[in-house]
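>>> Sequence and predicted structure below; questions after.
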Amino acid sequence: MEHEGAQLDIEAVERYLAANLAGFRGPVTAEKFGVGQSNPTFKLTSPSGTLVLRRKPPGQLLKSAHAVDREFRVQKALARTDVPVARMHLLCEDEGVIGSMFYVMGFAPGRHFMEPTLSDLAPEERGAVFDEMNRILAALHSVDYEAMGLEDFGKPGSYFARQVGRWSKQYRASETETIQDMDDLIDWLDANMPEDDGRVSLVHGDYRIDNMIFRTDAPKAAAVLDWELSTLGHPFSDLAYQCMQWRMPPGPEGRGLAGIDRRAHGLPTEAEYVAAYCDRMGLPGILGFDFCLAFSFFRMAAIVQGVKKRGLDGNASNPERAARMGRFVPEYARMGLEAAAGK
């Protein structure tokens with residue numbers, strides 16, 4: 001984490017917490033988490049305990065992006081389920097307090113893994129961590145979202161068609177150069193759109209290991225983080241999105257498992273991971289998964305292009321990393337076309 005004062009009015013935060021959070025006692029010190037590109041996130045330390053503040057970034061933003069209010073709402077609802085989330089405390093929709101909407105949640109201590117290789121763990125624990133991720137994903141997709149009051153959290157039906165339309169517009173709005181593979185991938189998705197099969201569940205939208213905190217005493221999750229892209233959608237989109245990790249190169253930017261001897265490292269193969277999910281969900285298998293994978297690479301390319309554009313505009317949470325991530329957009333598009341071809 002880095003010390004940060006320019007992006008957060010600490011005195012204003014302290015006044016707000018003193019007036020609205022029972023038991024709070026200042027003064028507050030703030031550190032900005034170095035990871036995460038979308039919504040700047042800060043660790044708040046005070047005599048009364050540790051909190052986390054997550055805010056919309058400053059500057060001109062794309063429509064419907066950086067929805068911290070949606071993040072707050074879905075995590076507050078999930079507190080009553082088998083999906084582990086941080087405790088939600090306050091949502092401040094008054095942009096006059098610190099310059100943008102924000103929410104405050106509890107701090108979830110534990111282990112944070114940036115790469116799925118889990119190189120610091122023993123092989124048997126690596127497999128247990130992946131099984132825990134699989135369990136939570138199935139639990140999320142089994143949540144009765146209507147009983148949780150989330151029946152209006154997204155539009156029912158035609159999820160992939162709506163998402164391709166949405167992210168195509170977002171990509172065009174942040175496009176900085178012509179990438180032929182991306183244009184071809186968008187065309188392929190439009191031409192091969194599957195019929196709606198009626199499956200609807202709560203989906204995370206960015207489900208991967210670096211958006212999770214694990215307990216220090218066991219391979220169990222303490223909290224799933226970063227719910228900005230959550231909505232009502234097709235559950236297979238979450239599964240395919242996570243499966244991109246098996247195809248991405250390892251390293252700090254790719255954060256993938258391509259070329260890794262999964263058996264020797266105690267890691268499941270992509271097929272084994274999908275089979276475990278299907279077993280938990282009572283499914284015989286998944287037809288049309290190639291489309292789901294191609295869509296996931298397309299959407300990731302569109303998201304990262306937005307990060308790149310914010311970096312160029314000076315609005316990124318971490319400008320240097322935004323530039324590094326931006327170089328992956330053509331690679332995501334290429335891998336999306338490979339997935340579309342069944343490779």
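Sure, I can see it.
>>> Output the contacting helices and strands for the helix or strand hosting V307.
Secondary structure assigned from DSSP states H and E places V307 in helix 289-313. Packed against helix 289-313, as judged by 3 or more CB pairs under 8 Å, 6 or more residues apart in numbering; DSSP states H and E, are the following elements: helix 159-174, helix 180-191, helix 235-243, helix 319-326, helix 329-340. Just so you know, the C-beta spots here come from the backbone N, C-alpha and C atoms, and that holds for glycine as well.
>>> Of those helices, give the one that comes closest to W227.
helix 235-243 (12.0 Å; CB to CB).
>>> Could you look up the next helix or strand downstream of the closest one?
Once the chain leaves helix 235-243, the following helix or strand, as judged by DSSP H and E, is helix 270-281.
>>> can you list the helices and strands packed on helix 289-313 in JSON lines and add distance to G106?
Formatted as JSON lines, the entries for the helices and strands packed on helix 289-313 read as follows, by distance: least, CB to CB, whole Å:
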{"stretch": "helix 159-174", "distance to G106": "31"}
{"stretch": "helix 180-191", "distance to G106": "39"}
{"stretch": "helix 235-243", "distance to G106": "24"}
{"stretch": "helix 319-326", "distance to G106": "26"}
{"stretch": "helix 329-340", "distance to G106": "34"}
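>>> Include distance to V83 and mean pLDDT when you put the ones you listed into JSON lines, please.
Rendered in JSON lines, the data for the helices and strands packed on helix 289-313 read as follows (distance: least, CB to CB, whole Å; pLDDT from 0 to 100):
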{"stretch": "helix 159-174", "distance to V83": "20", "mean pLDDT": "95"}
{"stretch": "helix 180-191", "distance to V83": "29", "mean pLDDT": "98"}
{"stretch": "helix 235-243", "distance to V83": "12", "mean pLDDT": "96"}
{"stretch": "helix 319-326", "distance to V83": "27", "mean pLDDT": "79"}
{"stretch": "helix 329-340", "distance to V83": "27", "mean pLDDT": "96"}
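>>> residue ranges with poor pLDDT in the stretch 101-250 of the chain?
When residues are selected by pLDDT under 70, none of them lie in the stretch 101-250 of the chain.
>>> re the thing from before, mind checking which of the helices and strands packed on helix 289-313 is nearest S201?
Shortest distance between S201 and the helices and strands packed on helix 289-313, using CB to CB, is found for helix 235-243: 4.4 Å.
>>> gap between the closest one and the chain center?
The gap between the average C-alpha position of helix 235-243 and the chain average comes to 12 Å, counting by CA atoms, centre = their mean, to the nearest Å.
>>> Stretch 327-342 now?
Taking the mean of its C-alpha atoms, stretch 327-342 sits 19 Å from the chain's own mean (CA atoms, centre = their mean).
>>> sorry, back to before: in the helix holding V307, what counts as buried?
289-311 (16 or more other CB atoms under 10 Å).
>>> Tell me, domain by domain, which residues of the chain belong where.
Domain assignment for the chain, taken from automatic domain parsing, gives 2-106, 123-340.
>>> can you redo those domains as TSV with distance to M114?
Rendered in TSV, the data for those read as follows (distance: least, CB to CB, whole Å):
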stretch	distance to M114
domain 2-106	7
domain 123-340	5
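>>> And P235, how close does it get to P57?
29 Å (CB to CB, to the nearest Å).
>>> neighbour count winner among those two?
It is P235, of P235 and P57, that has more neighbours when counted by other CB atoms under 10 Å, with 23 against 18.
>>> Quick check, that one in contact with G198.
No. Shown here, P235 and G198 do not form a contact pair, counting by CB atoms under 8 Å, at 11.6 Å.
>>> For A323, see how far away V329 is.
Spatial separation of V329 from A323 under the definition CB to CB is 12 Å.
>>> For F153, the count of nearby residues, please.
When neighbours are counted by other CB under 10 Å, F153 registers 19.
>>> Verify the contact between it and L232 for me.
Yes. Using CB under 8 Å, F153 makes contact with L232 at a distance of 5.2 Å.
>>> Spit out the residues that contact these two alike.
Taking CB atoms under 8 Å, 6 or more residues apart in numbering as the contact criterion, the residues that touch both F153 and L232 are 145, 202.
>>> sorry, back to before: quick one, which of V329 and A323 is more surrounded?
A side-by-side neighbour count of V329 and A323, using other CB under 10 Å, places V329 first with 26 against 14.
>>> And the residue sitting nearest the centre point of the chain, which helix or strand is it part of?
The residue at the geometric middle of the chain, judged as the C-alpha nearest the mean C-alpha position with CA atoms, centre = their mean, is D206 (2.7 Å). D206 is located outside every helix and strand, with elements delineated by DSSP H and E.
>>> Tell me which residues touch it, please.
Counting by CB under 8 Å, 6+ apart, D206 makes contact with 226, 228-229, 241.
>>> Need the max-distance pair from those residues.
The most distant members of the contacts of D206, if one measures by CB to CB, are E228 and Y241, lying 13.8 Å apart.
>>> who touches both of the two?
Counting by CB under 8 Å, 6+ apart, the residues touching both E228 and Y241 are 205-206.
>>> sorry, back to before: overlap in contacts of V329 and A323?
Here V329 and A323 share the contacting residues K308, scored by CB under 8 Å, 6+ apart.
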